[in-house]
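> Pasting a predicted model and its sequence here:
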Amino acid sequence: MTENPRNTQLLDPTAASAAVVPGTPVPGTPPAAGTADALSAAKESLEDYTLRFAPRSYRKWSAGVVGTSALGGIAYLADFSIGANIGIAYGTVNAILGIVVAAVVIFATGFPLAYYAARYNIDLDLITRGSGFGYYGSVVTNVIFATFTFIFFALEGSIMAQGLELGLGIPQWLGYALSTVIIIPLVIYGMKTLATLQVWTTPLWLLLMVVPVGYLVISHPESIDTFFAYTGESGDGGPNLASVMLAAGVCLSLMAQIAEQIDYLRFMPPKTAENKGAWWRAVILAGPGWVIFGAIKQIVGLFIAIYLIATLDPAASVHANEPVHQFLGVYQEMMPAWLAMTLAVILVVISQIKINVTNAYSGSLAWTNSFTRITKTYPGRMVFVVVNLAIALVLMEANMFDFLNTILGFYANCAMAWVVTVAADIAINKYLLKISPKVPEFRRGMLYAVNPVGFVSMLASAGVSIAVFFGAFGAAVQPYSPIFAVGLALVLTPLLAVLTKGRYYLRRTDDGIDLPMFDADGNPSDAKLLCHVTGIEFERPDMLRSGQDGPDGEPQFISSLALSTDKTGALVLPAQK
């Protein structure tokens, strides 16, 4: 993802052009009376584009910077815990096979989602709306994603609290609170702040994580044989399909991570002949490619845990799944104890901050999006930053870390059902069957409230797989709940599209605007139109004709954001027969 150095700096979008930037009121065009909520939402979302298409006038980062920022969000240490947990439970061979199975599924399903986000500059909720769920139907998937963010915020916060307790003697209950509070000021602003944080902290994070692992392999080559010989708690670590699937089920809980990657990828620059190589590298590596790095971290976490158990202290299994103990044990082999402790704590704190600013940011977008659609009221993203972090803090104080495998195994069924359903709609219904409209639609009035294709497919596949997970169909089938989640979503999504003949995808095929939606390169147009509700100019893909004409009968235009806060419905275009 290397590019011309002069293009990799973080740019101030307001200085890039003399043209009106979305979010800037046009002189002489005051907003209509009674639109304070829409105007407030428009102004606040200038930084993060909540509920909205990300306009070209804001997307001034290079593909390399966007990709690096997105990968910075996978600095979390939960992978080390996940790898250690499933390896200790099922043995090295089964754990690695489970990690590989999960990685293949996550990469395959994440690719079409990442491409759509980068190509059309919309987040996963907006993609989901037009990929089988409908305008209101995708609210349930937003809740699934928001749940992912506070579960993993709590997990990372727990890991940080473990580090603070070990290194500084801070009680864990206080460490939980500290790990939550320090994130709040970092997510007040959106992409510009997050990109800067991720780019500047990544080199130190890589150094602290990679060097000790390399040292361990070089200085203790026998640890490799010990690693592959480890059989797990059962004492029988040979290949076992049930154990592989149980391990894969835990890893597949990370499937929703693609939504956080997309929260960065939606800010990709337009793809052109000049930048297409860098563009594709960024989309693949920072999109579905995140799982490659995640799988490596899971295997490394297991490797270090087994080293601690087998080489240093057999009793170390009590803490071998805690990343701070993992890295402290290796650091102590390399340097004085005081320095080892210092670096272990620094690694944990940096990792926790890098991922939890993303968890807090993405979770707040998900909650805000759902709340605004349902209530037609925009409360402000910061309200839901606090809500999301409060839920995470409760989970931490309830000691969720001790029930990690069960929590993640259960959640995986919901995440898989959602992501696979959307991926199947894009890959099969849009491209193979050509039933679903290829260009994603997300605007109110253009979509039906609920589309049974995705909505029913997700609920059915999630419901059956959860029942399997809890043993409703017997212990012999129980380990295979991931197969039911993925398989049912893959089959039901195209089946329902065929049965419904695609009639519930689009409420309208014409948005009432004559300007083309895309430029000559196939990228979303940067032509601007005035929103008559807010008095603000927005780019073409974000606009529709208003259901309310001007005083002389002339057509007026409205942004998708203003339309989402219209409580009367008078501004929504009628359905087309």
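Alright, I've got the coordinates.
> can you pull out the helices in the stretch 301-450 of the chain?
Listed from the start of the chain, the stretch 301-450 of the chain has helices (DSSP state H, counting those that start in this stretch) covering 323-334, 337-375, 381-397, 404-424.
> what's in contact with the first one?
Residues outside helix 323-334 that contact it (C-beta atoms under 8 Å, 6 or more residues apart in numbering): 77, 80-81, 84, 159, 162-163, 166-167, 208-209, 212-213, 215-216, 219-220, 301, 304-305, 307-308, 312, 316, 319-320, 339-341, 343-345, 347-348, 351. For the C-beta atoms, the positions are set from N, CA and C on the backbone; glycine is no exception.
> Spatially nearest residue to Phe303 (excluding sequence neighbours)?
Leaving aside its sequence neighbours, Phe303 sits nearest to Phe227 (C-beta to C-beta, 6 or more residues apart in numbering; 5.3 Å).
> for the one you found, what are its contacts?
Residues near Phe227 by C-beta under 8 Å, 6+ apart: 92, 302-303, 306-307.
> Which one of those sits in the busiest neighbourhood?
Neighbour counts for the contacts of Phe227 were taken using other C-beta atoms under 10 Å; the highest belongs to Leu302, with 29 neighbours.
> What separation do you get for Val450 and Leu561?
22 Å (C-beta to C-beta, to the nearest Å).
> So between those two, which is more surrounded?
The residue with more neighbours, out of Val450 and Leu561 and counting by other C-beta under 10 Å, is Leu561; that gives 29 against 18.
> thought the more buried one was touching Asp542?
Yes - here Leu561 lies in contact with Asp542, judged by C-beta atoms under 8 Å, at a distance of 7.3 Å.
> what residues are shared contacts of these two?
Common contacts of Leu561 and Asp542 (C-beta under 8 Å, 6+ apart): Arg52.
> Spell out the residue ranges of the helices in the stretch 51-200 of the chain.
Using DSSP H, counting those that start in this stretch, helices in the stretch 51-200 of the chain cover 63-72, 78-90, 92-120, 124-128, 139-168, 172-181, 191-219.
> ok and the fifth one relative to helix 323-334, angle-wise?
Per axes from the mean of the first three to the mean of the last three C-alpha atoms, to 10 degrees, the angle that helix 139-168 makes with helix 323-334 is 40 degrees.
> Check the first one too.
Comparing the axes of helix 63-72 and helix 323-334 via the same axes, to 10 degrees yields an angle of 100 degrees.
> Could you export helix 63-72 as PDB, keeping only the C-alpha atoms?
Extracted C-alpha coordinates of helix 63-72, given in PDB (Å, rounded to 0.1, in the frame of the first residue of the first chain):
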ATOM      1  CA  ALA A  63      -5.500   4.500  -0.400                       C
ATOM      2  CA  GLY A  64      -2.300   3.800   1.600                       C
ATOM      3  CA  VAL A  65      -3.300   6.000   4.500                       C
ATOM      4  CA  VAL A  66      -6.900   4.600   4.600                       C
ATOM      5  CA  GLY A  67      -5.600   1.000   4.500                       C
ATOM      6  CA  THR A  68      -3.000   1.600   7.300                       C
ATOM      7  CA  SER A  69      -5.600   3.300   9.500                       C
ATOM      8  CA  ALA A  70      -8.000   0.400   9.000                       C
ATOM      9  CA  LEU A  71      -5.300  -2.200   9.800                       C
ATOM     10  CA  GLY A  72      -4.400  -0.200  12.900                       C
END
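> Next, the angle helix 337-375 makes with it.
Direction vectors for helix 63-72 and helix 337-375, defined by the same axes, to 10 degrees, enclose an angle of 100 degrees.
> Which other helices and strands does helix 63-72 contact?
Contacts of helix 63-72 with other secondary structure elements, assessed using 3 or more C-beta pairs under 8 Å, 6 or more residues apart in numbering; DSSP states H and E, are made with helix 191-219, helix 257-265, helix 276-286, helix 290-307.
> For Asp526, which of the ones you listed is the nearest?
The stretch from the helices and strands packed on helix 63-72 with the least distance to Asp526 (C-beta to C-beta) is helix 276-286; that distance is 17.0 Å.
> shaky segments in the chain?
1-51, 73, 188-202, 234-237, 312-318, 400-405, 577 (pLDDT under 70).
> out of the contacts of helix 323-334, which are buried?
Members of the contacts of helix 323-334 that pass the buried threshold by neighbour count (16 or more other C-beta atoms under 10 Å) are listed as 77, 80-81, 84, 159, 162-163, 166-167, 208-209, 212-213, 216, 301, 304-305, 307-308, 316, 319-320, 340-341, 343-345, 347-348, 351.
> sorry, back to before: okay if I get the helices of the stretch 51-200 of the chain as TSV plus distance to Asn523?
Written out in TSV, the entries for those read as follows (distance: least, C-beta to C-beta, whole Å):
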stretch	distance to Asn523
helix 63-72	13
helix 78-90	34
helix 92-120	8
helix 124-128	16
helix 139-168	26
helix 172-181	39
helix 191-219	19
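> For Gly454, which of these is the nearest?
Set against Gly454 and scored by C-beta to C-beta, those come closest in helix 124-128, at 7.2 Å.
> Output the contacting helices and strands for the closest one.
Using 3+ C-beta pairs under 8 Å, 6+ apart as the contact criterion, the secondary-structure elements in contact with helix 124-128 are helix 92-120, helix 139-168, helix 257-265, helix 337-375, helix 404-424.
> ok, and what's touching stretch 422-429?
Looking at what lies outside stretch 422-429 - C-beta under 8 Å, 6+ apart - the contacts are 108-113, 116, 124, 127-128, 131-133, 141, 435-436, 453-454, 457, 489-490, 493-494, 497, 502.
> ok and the helix or strand the residue nearest to Phe303 falls within relative to helix 92-120, angle-wise?
Under the criterion of DSSP states H and E, Phe227 resides in helix 222-229. Angle between the axes of helix 222-229 and helix 92-120 is 90 degrees (criterion: the same axes, to 10 degrees).
> Now do the buried residues in helix 222-229.
Residues of helix 222-229 classed as buried by neighbour count (16+ other C-beta under 10 Å): 223, 226-227.
> What spatial separation is found between Asn523 and Gly502?
26 Å.
> next one: Ile99
According to C-beta to C-beta, Ile99 stands 37 Å off from Gly502.
> try Glu165
Between Glu165 and Gly502 the distance, using C-beta to C-beta, works out to 55 Å.
> show me the contacts for the most centrally placed residue in the chain.
Here the mean C-alpha position of the chain is nearest to the C-alpha of Glu260 (C-alpha atoms, centre = their mean), at a distance of 2.0 Å. Taking C-beta under 8 Å, 6+ apart as the contact definition, Glu260 lies against 73, 149, 358-359, 362.
> Ok, Phe518 next?
Contact partners of Phe518, counting by C-beta under 8 Å, 6+ apart, are 524-525.
> what's near enough to touch the closest residue to Glu322 other than its chain neighbours?
Excluding its sequence neighbours, the residue lying closest to Glu322 (C-beta to C-beta, 6+ apart) is Gln162, at 5.2 Å. For Gln162, the contacting residues are 172, 175, 322-325, 348, 401, taking C-beta under 8 Å, 6+ apart as the criterion.
> what about Leu285, how many neighbours?
Here the number of neighbours of Leu285 (other C-beta under 10 Å) works out to 18.
> Distance check, the closest residue to it other than its chain neighbours against Tyr76.
Of all residues not flanking Leu285 in the chain, Gly67 sits nearest, at 6.1 Å (C-beta to C-beta, 6+ apart). Between Gly67 and Tyr76 the computed distance is 18 Å (C-beta to C-beta).
> Many thanks, have a good one.
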